[in-house]
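Engineer: For reference, the sequence and a predicted model appear below.
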Amino acid sequence: MPTYNGTPGNDVIDGDQGGPAQDVINGLAGDDVLSGGDLNDTLSGGDGNDMLVGGSGNDVLVGGGGVDTLSGGDGDDVLGLTYIEGIYGPDAGETFSGGDGVDTLVIEGNTYIDGFGPPPTDTIDISAVIIDGTIERLLLQADWTELDFFIYNYNLKLTATQLGNFSLIEAYSNITLTTAGTADLGGATLYMNGGSFNLSDAGNSFILTGAINGAFGSTGFVVNGGGGADTILGGLGGDTLSGRDGDDVLSGQEGNDILAGGAGADLMSGGAGDDRFVVAAAAEIAAGEQYDGGDGTDTLALTFSGGTADLSGANRIERLTGNGQAVTLSAAGLDGLTTVTGITAITISTAGVVDLAGAQLQVTSFTLAAGGNTLDLAGLATAFTVNGGAGNDIVTGGMLGDTLFGGAGNDRLNGGDGDDLLVSGAGTDIVNGGAGIDAVSYATNLDGAVVANLDTSAGTDTLIGIENLIGSSFADVLIGDGGNNVIDGGAGTGNDKLDGRAGIDTVTYANAAARVIVNLSVATAQSTGGAGVDTLLGFETLIGSAFDDRLTGDAGVNTLIGGNGADTIDGLADNDTLTGGAGDDMLQGGDGNDAIDGGVGAADIASYAASASGVTVDLAVAGAQATGAAGTDTLTGIEGLIGSAFADTLAGTAGDNRLTGGHGNDTIRGDLGNDLIDGSLGVDTLDYSLVGAGVTLNLLSQAAQDTGGAGIDTVRSIEHVIGTAFDDRLTGSDYSNILQAGAGNDMLVGGLGNDTLNGGDGIDTASYAAATAGVRVNLNLATAQYTVGAATDTLLGIEALIGSGHDDQFTGNGADNSLVGNGGNDTLVGGLGDDMLNGGAGSDTASYATATTGVAVSLALAGAQNTGGAGTDTLVSVENLVGSAQADTLTGSAQVNRISGGNGNDVIDGASAGDILDGGAGNDLLKGGVGDDLITGGTGNDMIDGGAQIDTLSYAASGYGVTVNLGLTVAQAVGGGQGTDTILNVENLLGSALGDTLTGSALANNLTGGGGSDVLAGGAGNDHFVYLAADDSGIGTAADRILDLAAGDILDLALIDADATTGAANEAFTQVAAFTNAAGQLTLAFDAGSNTTTLLADTDGNGTADFAILFTGDVTALTGTWVL
């Protein structure tokens, strides 16, 4: 193989110079002329503007740099165009001519043009190169010597004319046409794996008819139109054709193609195969795009969202997919559809026959054209709405419940399967409901009243297979048949005549514009209020409106349905079904076994107000329950009850209930939830016995109150309460209440009425804290007892009492009692048992008068103490004691105490402070202790020790006069039945109401004789002779005598009102020489003969003495210290 190399200059080298051979000729630099000869030569021009002629044979010609001219000549030649970015590139004017044979243009460069990877913007532009039509093949190669090493990821630019010359292209890159024109690649073989054709903006004709894509894994081509009006014809495979801007013509031809017109009024045809038209914007349709699917199963896909789309220009489309659009199709365009998805509604733009039976449709709405359509939806499992046009339409529904509007014209509506609504418009229609429960509606009729008779099929239209009727807004006559019909007089206020005939028929006012009042027992015309004056016959079921209706059944079996609104429903007699629906409804089943359903309202009420006797109703019972005279009822969705005029038992649920007893003595059980409970008239009982926690309830309150264990209840007109098994606090009203607490430690407050307080089991308390006067309660009594301050109560099962703020008297029983006096001066009698006696405020007394054996009680002890005869008691805030009839030991505290021993030989110790001690009967020991004590020994031989301070011994209770001498420290017979007393540490004496002889000691004594003719002797010391009233001393022999009034002694008349005539309190005496008929005067005269000074006092001003006091000796000079 000879090789010829040129010089740097301009060379002319002819390969034939050495004879025929396969020559290799290299021109090198310079403008060379190289000729190959007859065999298969290889010519390389190098730099310079070279001319290479292959001659005969299959030659390889590579121009190199410069503006070269390559001519292959005869044979199958390869013409190489070297492209190395920044070094070599095609120069304008380069010329490539293949000559005879099958010639190939090879664009040769390194694998990546710039050597640094495949930038997507790298472009090989050969549009300026002259390529004549004698070159059949185009290859992009990494090395023209190895024609299977392809260049990838480049953009190749050339003219349409250049491209159209080739019958085989191996370009694994994008090819862009730089000029407008026609590129006819029909029948060509192209290798375009991953590459696409991109047309120029000036408008192109791009033909791939019969072309195939031979690249591995590829079936068709990707062609993108430019900005002009392009014509793009696809090849044999599945092409993707995009028109982009301009009014384009796209034809997929063979294969399963994808066509996207883009902007402009595009004309697209799929041709053979299952093609797909893609519409990305509503503007494309608005511009006038047309779609012809051609053969195969073709799809029109609307990928934009919502809106409307006029697809009247679509033909031979089998599948339509959308994204929420409402579309318009011609009858012909719609007729061929087998699948519709993502479309909300279809409007048929032209009259015609559309058979969609068996199609798969996700659309639910059709609107027909005005010229008269036939639409067949038979067998489709979708509920359709079809709006007929102005012509004579024939519409057949699908398998489900369709709504078919006939519109104007004489229409034929066939419901098909399902429960259909067939709306008759203007014209004379034939309406066939088909299978299912079908209704014909005249709601859109504007021509006047209609007559529809399902029994005879006569009337405005021909009705076949229709079960239900809906009238117009006029005065219609609607008649059912022997089946179960639903008849609706229609909207408006027309005066309708509605007749259900035989069967179980329903009249409905669901479409009424206002509330209705309907009574099925009225056979004549009745004013319904919101729906005109209607005449109803033969109806068993009544449906109300969306407003507050009043629905009444008849004597038969009825179903009454309220709908929305707060309805009042009355079933009257027989076994009725009542449904309230939405709203807070009032339902009354009446007699019979009724099913009562309140619906979804939050406060539905079942009323038994009309029952002939008391009822028993429990809202917690899920099934049928025998209510009594009102039958066996089933209640669902009921939150409230109204009882009868008799004694009812009403029970709620764990929810919020409204329970009203009505007349009669009712028992109401609210249980849990925030309930409104109204006993109404009668003596009613509220029962909390099933509640799982203690409750607090006050019958005085009319407001909502937190009961604790049973929710927040509002309680009215309740007289009796039954508590829980836990700790309750029940408060009555001003009426007579029965408070039954049950188990638990309960607090019962009866109030002002005659109450029964039953604590049940547990440690229970009856409280009188709110009483407005002192109360007297004895827990030993099981019958009614008059409490004084809180009417007459009956207490059962009560272990504890709480008193009022006044003077109370509490008596316990044999149990362990807690008696709390609260305010006031209370008397607490614990009785047997271990009692807590708490006096509270005031001067309170613990009494053991009922004890059968002696007790030992100390007020100074703070804890429990064993009393001996009355259990182990705890005394709190108790100031006074009363002993038993036996021998007691009673001890005071540091406070002022009043202690009474009662009968028996008692030991009484006042302890600290000034106490009042009374031994009572028996031989008692009384010790005053510290403080100024007042001591009464009582009958019997008593030992009296006043203790420290100034103490007083009183015989005021004696029925006879006594003789007492404080100067004696041994036992002395005091007389008057008071026994023989021993008196120690006593400074003062108080006599009886009779004639006493009282003698003081050597100390300063207070002597008060009291009533009767007393003899007083103070003895040594500065003594005080005290008179409490004017009748403490008499006149003459009945006058008192003071034996030893001396200097330092005091006569005290301060407590006597000297002037009884003025009404003023406690005025003082005035000493005068003689009475002057003025009240409040006293005279003092000494009689030496009798050695007696006589004091006379006039309290009424009549001039005569009302009382006198005699003094032994002359005391007239001693009056300076007297208290007058």
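Structural biologist: Perfect, thanks for sending it.
Engineer: where does the stretch 1-150 of the chain have low pLDDT?
Structural biologist: Residues of the stretch 1-150 of the chain meeting the criterion pLDDT under 70: 18, 83-89, 108-122, 141-150.
Engineer: ok, now the chain?
Structural biologist: 18, 83-89, 108-122, 141-154, 171-173, 193-194, 215-218.
Engineer: How is it partitioned into domains?
Structural biologist: The record's domain parsing of the chain by automatic domain parsing lists 1-158, 1028-1124.
Engineer: tell me the most buried of those?
Structural biologist: Of all the domains of the chain, domain 1-158 has the most neighbours on average by mean count of other C-beta atoms under 10 Å, namely a mean of 20. For every residue, glycine as well, the C-beta is placed using N, CA and C.
Engineer: Distance from the chain centre to that one, please.
Structural biologist: 87 Å (C-alpha atoms, centre = their mean, to the nearest Å).
Engineer: what's the first-to-last distance across that domain?
Structural biologist: 36 Å (C-alpha to C-alpha, to the nearest Å).
Engineer: beta partners of A301?
Structural biologist: Beta-bridge partners of A301, counted by DSSP bridges, are V278, T321.
Engineer: For G914, see how far away it is.
Structural biologist: From A301 over to G914 the distance is 113 Å, taken as C-beta to C-beta, to the nearest Å.
Engineer: Over to S843?
Structural biologist: Noted for S843: a distance of 13 Å to G914, by C-beta to C-beta.
Engineer: Find residues that contact each of the two.
Structural biologist: Common neighbours of S843 and G914 are listed as V896 (criterion: C-beta atoms under 8 Å, 6 or more residues apart in numbering).
Engineer: Correct me if wrong: G210 contacts G234.
Structural biologist: No - counting by C-beta atoms under 8 Å, G210 sits too far from G234 to count as a contact (10.2 Å).
Engineer: out of the two, which sits in the more crowded spot?
Structural biologist: In this view G210 and G234 are compared by other C-beta atoms under 10 Å, and G234 has more residues nearby, 32 against 15.
Engineer: My understanding was that the more buried one contacts G220; is that so?
Structural biologist: Yes - G234 is in contact with G220 according to C-beta under 8 Å; the separation is 6.8 Å.
Engineer: overlap in contacts of those two?
Structural biologist: Joint contacts of G234 and G220 (C-beta under 8 Å, 6+ apart) are 255, 257.
Engineer: Who are the contact partners of the residue nearest the centre of the chain?
Structural biologist: Nearest to the geometric centre of the chain sits A602, at 11.1 Å (C-alpha atoms, centre = their mean). By C-beta under 8 Å, 6+ apart, the residues touching A602 are 584, 639, 656.
Engineer: which one of those residues has the most neighbours?
Structural biologist: Neighbour tally across these (other C-beta under 10 Å): the maximum, 22 neighbours, falls on E639.
Engineer: ok, and what's touching stretch 48-55?
Structural biologist: By C-beta under 8 Å, 6+ apart, stretch 48-55 touches 10, 15-16, 27, 29-38, 41, 43, 45, 61-75, 77, 99.
Engineer: repeat that with 7 Å
Structural biologist: The contact list for stretch 48-55 (C-beta atoms under 7 Å, 6 or more residues apart in numbering) reads 27, 29-38, 41, 43, 45, 61, 63-73, 75, 77.
Engineer: first to last residue in it, what's the distance?
Structural biologist: First residue to last in stretch 48-55 (C-alpha to C-alpha) measures 21 Å.
Engineer: dump the residue contacts of R276.
Structural biologist: Contact analysis of R276 by C-beta under 7 Å, 6+ apart lists 258, 299, 301.
Engineer: In contact with the last one, which residues?
Structural biologist: Read that as A301. A301 neighbours (C-beta under 7 Å, 6+ apart): 276-279, 321.
Engineer: With the second one instead?
Structural biologist: Taking C-beta under 7 Å, 6+ apart as the criterion, T299 is in contact with 276-277, 319, 321.
Engineer: Now with 10 Å, please.
Structural biologist: 258, 270, 274-278, 293, 317-321, 339 (C-beta atoms under 10 Å, 6 or more residues apart in numbering).
Engineer: measure it to G313 for me?
Structural biologist: With C-beta to C-beta as the criterion, T299 and G313 are 16 Å apart.
Engineer: do the last one as well
Structural biologist: The gap separating A301 from G313 is 16 Å, by C-beta to C-beta.
Engineer: And what about A693, helix, strand or coil?
Structural biologist: Following DSSP: H, G, I helix; E, B strand; the rest coil, we place A693 in the coil state.
Engineer: Could you check how many residues crowd around it?
Structural biologist: So A693, with other C-beta under 10 Å, has 16 neighbours.
Engineer: Kindly report the same for G789.
Structural biologist: As a burial measure, G789 scores 21 neighbours (other C-beta under 10 Å).
Engineer: Mind putting the contacts of R276 into TSV with distance to G670?
Structural biologist: Below are the contacts of R276 laid out as TSV (distance: C-beta to C-beta, whole Å):
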residue	distance to G670
I258	72
T299	66
A301	64
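Engineer: rewinding a little: show the buried residues in the contacts of A301.
Structural biologist: Buried subset of those (neighbour count, 16 or more other C-beta atoms under 10 Å): 276-279, 321.
Engineer: just to revisit the earlier point, quick check: neighbours shared by G210 and G234?
Structural biologist: By C-beta under 10 Å, 6+ apart, the residues touching both G210 and G234 are 253-254.
Engineer: Let me know whether E170 touches N213 as I believe.
Structural biologist: No - applying C-beta atoms under 10 Å, one finds E170 not in contact with N213, separated by 11.1 Å.
Engineer: joint contacts of these two?
Structural biologist: Joint contacts of E170 and N213 (C-beta under 10 Å, 6+ apart) are 189-193.
Engineer: Most neighbours among those, which one?
Structural biologist: Ranked by neighbours (other C-beta under 10 Å), the shared contacts of E170 and N213 are led by L190, which has 25 neighbours.
Engineer: I'd say that one and N213 touch.
Structural biologist: Yes - between L190 and N213 there is a contact under C-beta under 10 Å: 5.6 Å.
Engineer: re the thing from before, can you put the contacts of T299 in JSON lines and add secondary structure and distance to D793?
Structural biologist: Output for the contacts of T299, formatted as JSON lines (DSSP: H, G, I helix; E, B strand; the rest coil; distance: C-beta to C-beta, whole Å):
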{"residue": "I258", "secondary structure": "strand", "distance to D793": "97"}
{"residue": "G270", "secondary structure": "coil", "distance to D793": "101"}
{"residue": "D274", "secondary structure": "coil", "distance to D793": "97"}
{"residue": "D275", "secondary structure": "coil", "distance to D793": "99"}
{"residue": "R276", "secondary structure": "strand", "distance to D793": "95"}
{"residue": "F277", "secondary structure": "strand", "distance to D793": "96"}
{"residue": "V278", "secondary structure": "strand", "distance to D793": "93"}
{"residue": "G293", "secondary structure": "coil", "distance to D793": "98"}
{"residue": "I317", "secondary structure": "coil", "distance to D793": "94"}
{"residue": "E318", "secondary structure": "coil", "distance to D793": "94"}
{"residue": "R319", "secondary structure": "strand", "distance to D793": "90"}
{"residue": "L320", "secondary structure": "strand", "distance to D793": "88"}
{"residue": "T321", "secondary structure": "strand", "distance to D793": "86"}
{"residue": "T339", "secondary structure": "strand", "distance to D793": "87"}
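Engineer: By neighbour count, sort out the buried ones in those.
Structural biologist: By 16+ other C-beta under 10 Å, those give 258, 270, 274-278, 293, 317-321 as buried.
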